[in-house]
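[1] I would like to see how this sequence folds:
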Amino acid sequence: MKLSSALMYAGNPREAADQVGALEKAGLDTIWVAEAYGFDSPTLMGYLAAKTETIEIGSAILNIYSRTPGALLQTAAGLDNVSGGRAIIGLGASGPQVIEGFHGLPYANPLGRTREIITLIRSGLRREPLTNEGTFTIPLTKDKGAVTGLGKPLKLLVTPERPSIPLYIAALGEKSVAGAAEYADGWIPFLYHPEKAASVWGESLAKGTAKREEGLAPLEVVAGGMVAIGEGPDTKALLDFARPLYALYIGGMGAKSKNFYNTLFRQYGYEQEAEEIQDLYLSGKKQEAEAKIPLDFLEATNLVGPESYVKERIAAYRESGVTNLQIMPAAEDPAALVATMKELINA
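    Numbering: from 1, shown residues only. Now for the predicted structure:
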């Protein structure tokens, strides 16, 4: 099992990125860089590549709408080059509020779009000419909107660092998770409950795995939560720091009629709580929404408590299929906590 963390920053990401070197020395295997509608991920990933030596640098995630397949191919190849072969490209559909609200693009056909993009990136890294007929028409033809009709299949102008770069998918829905298990190198779920993951996604993962593309290694699974190791109520109280984030996703990430995280929370068995949290959050009562997050859910989706308990949670994640434990260190010395977690994982 690998150990990873997300680049966390409140204002200036350079300050947070400058601390990643210490996490790398402590044994962190992977650092993930989000994008949403803040700073773009590839710029920060390139900065991290210059500041580190061995750690994997992953996007989590680049949306599949605002960049063309060709641009995503170039980004993947460029990041893998400047990092010396350490890039992981995490892709995802994001959501309609970001895609239509921020980027001004139609939120359409996420499943087909994702599959075609992954196919095109892989063929492009092999320096095959880009061609596609489906969601994307490459080269663009006059009947699909080309002005000149002079486009022709082109292959990547440069030789990539590696002919294959790990491509991960952030997915929660049944069909998208099945797709990840079929053709992605890795899967990035969110609000992952180790004990309930199989009941929600087990069938989808099995369907996808049964059709998994030949030559792909077993699916990598990236999931985890906050980590704090200590005795007594003060340590357990740190779980409250997760409440604002959970309330944001369950209650406010998307419209009331289309919130993937709220749907997942219901699938875990928290239907009444999901309804209450969303109503409170969308009406502006954020603190009341936070208070409604069940304690047992906070405990199950994080690793907070005595060392013996944290070891049990590591085992639960591993048993559920997680291969890369993504943590958010809650400690004055994050590097020291990373070192401790690395020891516990390898014990």
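[2] What ranges does this structure have for its strands?
    With DSSP state E as the criterion, the chain has strands at 2-6, 30-33, 56-63, 87-92, 132-133, 137-138, 167-170, 186-188, 220-229, 303-305, 324-329.
[3] Pipe these into TSV and attach distance to F265 and mean pLDDT per row.
    Glycine gets a C-beta too; all of them are placed from N, C-alpha and C. Listed next are the strands of the chain as TSV, based on distance: least, CB to CB, whole Å; pLDDT from 0 to 100:
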stretch	distance to F265	mean pLDDT
strand 2-6	21	98
strand 30-33	22	98
strand 56-63	20	98
strand 87-92	19	98
strand 132-133	36	98
strand 137-138	39	98
strand 167-170	17	98
strand 186-188	18	98
strand 220-229	15	98
strand 303-305	20	98
strand 324-329	19	98
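[4] Looking at these, which is nearest to A198?
    strand 220-229 (12.0 Å; CB to CB).
[5] what packs against the closest one?
    strand 186-188, strand 303-305, helix 307-320, strand 324-329, helix 334-346 (3 or more CB pairs under 8 Å, 6 or more residues apart in numbering; DSSP states H and E).
[6] how about the ones you listed in a markdown table, adding mean neighbour count and distance to T52?
    Output for the helices and strands packed on strand 220-229, formatted as a markdown table (neighbours: other CB atoms under 10 Å; distance: least, CB to CB, whole Å):
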| stretch | mean neighbour count | distance to T52 |
| --- | --- | --- |
| strand 186-188 | 25 | 20 |
| strand 303-305 | 24 | 24 |
| helix 307-320 | 16 | 25 |
| strand 324-329 | 23 | 17 |
| helix 334-346 | 18 | 13 |
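[7] Nearest to A77, out of those?
    Closest to A77 of these is strand 186-188 (CB to CB; 18.6 Å).
[8] partners of the closest one in the sheet?
    Here strand 186-188 is paired, per DSSP bridges, with strand 167-170 (parallel), strand 220-229 (parallel).
[9] worst-scoring helix or strand of this protein, pLDDT-wise?
    Here the helix or strand of the chain ranked lowest by mean pLDDT, DSSP states H and E is helix 13-17, holding a mean of 88.
[10] how far is it from where the chain is centred?
    19 Å (CA atoms, centre = their mean, to the nearest Å).
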